[in-house]
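Asker: model the following, please.
(chains A and B)
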Number of protein chains: 2
Amino acid sequence: VDIDPGKVGKSIRELLNDPKAPGLRVVNSLAELRQKPDLVFHTAVSSFKTAYPQLAALAHRGINVVSSCEELIYPRLRSPRLASQLDRICRQGRSRIVAAGVNPGFVMDLLPICLATATQNLDAIHVERVVNASTRRESLQRKIGSGMEPGRFTQLLKSGRAGHAGLKESLALLAHGLGLRAPKIRESSNAVIARTRIRTKYFTVHKGQTCGLHQRVEARPNRRLHLTLDLKMYLGADDAHDAIRIEGCPPVEMRLSGGVAGDQATVAALLNAAPRLLQVEPGLRLLTELPLA
Amino acid sequence: VDIDPGKVGKSIRELLNDPKAPGLRVVNSLAELRQKPDLVFHTAVSSFKTAYPQLAALAHRGINVVSSCEELIYPRLRSPRLASQLDRICRQGRSRIVAAGVNPGFVMDLLPICLATATQNLDAIHVERVVNASTRRESLQRKIGSGMEPGRFTQLLKSGRAGHAGLKESLALLAHGLGLRAPKIRESSNAVIARTRIRTKYFTVHKGQTCGLHQRVEARPNRRLHLTLDLKMYLGADDAHDAIRIEGCPPVEMRLSGGVAGDQATVAALLNAAPRLLQVEPGLRLLTELPLA
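Answerer: Prediction:
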């Protein structure tokens, strides 16, 4: 299902230019599907509010959904009422909905929750992700402000019209996974500025222009525990990695060298969530509620 | 509950020599408990067969159990019939049983399963754990053959009378977590030999004597996938770490510097499994069936 007129009516085989791909044709609305699918991979928008009518229509028809919608990783954070409403529709329609992904959905939330199962008396969890945006798709390079005047991009970031979606939701899910709530999440975001000229397949960024973003969220869910998620995505980052540091008993220090490759890993995370989702009761679910296996 | 006559009748406060500890007294059988506990932490033996009567008695009374029994991490591997029987007793008694721990239970099974949720088209998962046994408790230093003549210790290892319990079970759980079975698991084990004299708080090991063990299991659950778990535990290991390497799309390379500290992390893993166990239906459960949160 796609609303792009350039795709509607064409077969997946044709669109992918792959003779092994299925011959199914793209339709432009759910109503046109001839059979009710068991499960839909929903990869459309980042905002939960925008996704809501699409998800509600699927849930109403009893279709299970794995979605890449970033804010859906912890939908109660921004829209508790819509989340309750969607959960009710899911239960009535006997469908299950969950969001999955890499960031949010894995590196900065699910993985630290998993690591935290082997430690206690937590004082802090610090997650750091550095992404070399030069290796990523065009839309991501655009999203991080490549080539923009830094003052203008910083303004867009502060007003929420640019930036990486779902970072606050990651923190809320992390707190939830530890059995806590994070009612006050502080966020800061800034442009990363090119120190030399950077050329990618899609952009040329001059010295002094924006080459990426630095976003950071933090919370103190209780008097003791400090949670921080620090995300840098910029062109030419030469130390790409994911790191998780837990201060607890025992302390844990994890590093994923190179970092989890976002585009490929997101596809994998969505696919792998599907059989796990089918094992839980109908409803709007969080990733942490699915069995791992 | 403890069978040690040196503990029975004494209070936990007395035994721990800690005025803040509870004043409850140790009894020497389940029947002597005045109240039915909601949940028991069972930390008694490594063999599932030996643990079985203890676990069955708890399940029969409707008591939930988190156990450190290594073979219980994947009980069907050695004793499928006993596992089915225990599962039946759990369902009848409305109790839940799960095994948890660090190794098995985390580093070489649960954590690679978690990492694998962000990758697909798997070719291999290789897990390596190097433990500096000098930092561990006396019983562990004894278990790894410290000070023994290498030929004799190797014999004990090969005959299954010495060595680290649960490594094959870790591999079976890992395969299960990927939706596969590993019917043929190959295991090799060898003594690690001291190159110089090593002194710990408990042992003095001379050059040429055993200072630890090297155990390795591997399996090919299908034509493509290769799984290996490589465990070294020896005195004076100066490169203690845990590493997980996944060959897939995308590849993943994880390192826990220093490695997860076994003794403390095992306590944490047992405690953290309890609230998660109470969320699932009665039965004999695998760790991968519990929600992470």
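
Asker: just for the stretch 101-250 of chain A, where's the confidence low?
Answerer: Within the stretch 101-250 of chain A, not a single segment meets pLDDT under 70.

Asker: who in it is up against chain B?
Answerer: When proximity is defined by CB under 8 Å from any CB of the partner chain, the stretch 101-250 of chain A lies next to chain B at A:102, A:106-107, A:110-111, A:113-120, A:176-179, A:248-250. Any C-beta I mention is one placed from the backbone N, CA and C, and that applies to glycine too.

Asker: among the residues you listed, which lie within helices?
Answerer: Judged by DSSP state H, the subset of those located in helices is A:110, A:111, A:113, A:114, A:115, A:116, A:176, A:177.

Asker: dump those into CSV; add distance to residue B:187 as well.
Answerer: Formatted as CSV, these follow (distance: CB to CB, whole Å):
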residue, distance to residue B:187
A:110, 31
A:111, 29
A:113, 32
A:114, 27
A:115, 28
A:116, 31
A:176, 40
A:177, 35
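
Asker: most neighbours of all those residues, which one?
Answerer: When neighbours are counted by other CB atoms under 10 Å in any protein chain shown, residue A:110 leads those with 30 neighbours.

Asker: correct me, but that one touches residue B:292?
Answerer: Yes: Residue A:110 is within contact range of residue B:292, at 7.0 Å (criterion: CB atoms under 8 Å).

Asker: what are the buried residues along stretch A:229-244?
Answerer: Buried residues in stretch A:229-244, counting neighbours by 16 or more other CB atoms under 10 Å in any protein chain shown, are found at A:229-237, A:240-244.

Asker: remind me, longest strand of chain A?
Answerer: In chain A, assigned by DSSP state E, the strand with the most residues is strand A:120-132.

Asker: distance from the chain centre to the helix or strand following that strand, please.
Answerer: Downstream of strand A:120-132, the next assigned helix or strand under DSSP states H and E is helix A:138-143. The chain centroid and the centroid of helix A:138-143 are separated by 15 Å under CA atoms, centre = their mean, to the nearest Å.

Asker: residues of helix A:138-143 that come out buried?
Answerer: Buried residues in helix A:138-143 (16+ other CB under 10 Å): A:140, A:141, A:143.

Asker: on that earlier part again, what lies in contact with the longest strand of chain A?
Answerer: Strand A:120-132 has contacts (CB atoms under 8 Å, 6 or more residues apart in numbering or on different chains) with A:103, A:107-108, A:112, A:116, A:174, A:178, A:224-249, A:259, A:262, B:267-268, B:271-272.

Asker: if we go to 6 Å?
Answerer: Defining contact as CB atoms under 6 Å, 6 or more residues apart in numbering or on different chains, one finds that strand A:120-132 is touched by A:107-108, A:112, A:225-233, A:237, A:239-249, B:268, B:271.

Asker: who does that strand pair up with?
Answerer: Sheet pairing here is set by DSSP bridges, and for strand A:120-132 it gives strand A:226-234 (parallel), strand A:241-249 (antiparallel).

Asker: right, and the pair among the ones in helices among the residues of the stretch 101-250 of chain A next to chain B with maximum separation?
Answerer: Distance extremes for these: the farthest pair is A:115 and A:176 at 15.6 Å, using CB to CB.

Asker: in contact with residue A:162, which residues?
Answerer: residue A:156.

Asker: can you tell me how far it sits from residue B:33?
Answerer: Distance, residue A:162 to residue B:33, using CB to CB, to the nearest Å: 61 Å.

Asker: show me where the stretch 51-200 of chain A has its strands.
Answerer: Using DSSP state E, counting those that start in this stretch, the strands of the stretch 51-200 of chain A run over A:64-67, A:96-99, A:120-132, A:186-193, A:198-199.

Asker: what does the shortest one rub up against?
Answerer: Applying CB under 6 Å, 6+ apart, the contact partners of strand A:198-199 are A:205, A:211, A:235, A:236.

Asker: which residues does the first one contact?
Answerer: Right, the one you point to is residue A:205. So residue A:205 contacts A:146, A:147, A:194, A:198, A:211 (CB under 6 Å, 6+ apart).

Asker: kindly format the C-alpha coordinates of the helix or strand where the last one lies as PDB.
Answerer: By that I understand residue A:211. Taking DSSP H and E as the criterion, residue A:211 maps to strand A:210-219. Output of strand A:210-219 as PDB, limited to C-alpha atoms (Å, rounded to 0.1, in the frame of the first residue of the first chain):
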ATOM      1  CA  THR A 210      26.300  22.300   9.200                       C
ATOM      2  CA  CYS A 211      27.500  18.700   8.700                       C
ATOM      3  CA  GLY A 212      25.300  17.000  11.300                       C
ATOM      4  CA  LEU A 213      23.500  17.200  14.600                       C
ATOM      5  CA  HIS A 214      24.200  16.500  18.300                       C
ATOM      6  CA  GLN A 215      21.200  15.600  20.400                       C
ATOM      7  CA  ARG A 216      21.100  14.700  24.000                       C
ATOM      8  CA  VAL A 217      18.400  13.800  26.400                       C
ATOM      9  CA  GLU A 218      18.600  13.200  30.100                       C
ATOM     10  CA  ALA A 219      16.400  12.400  33.000                       C
END
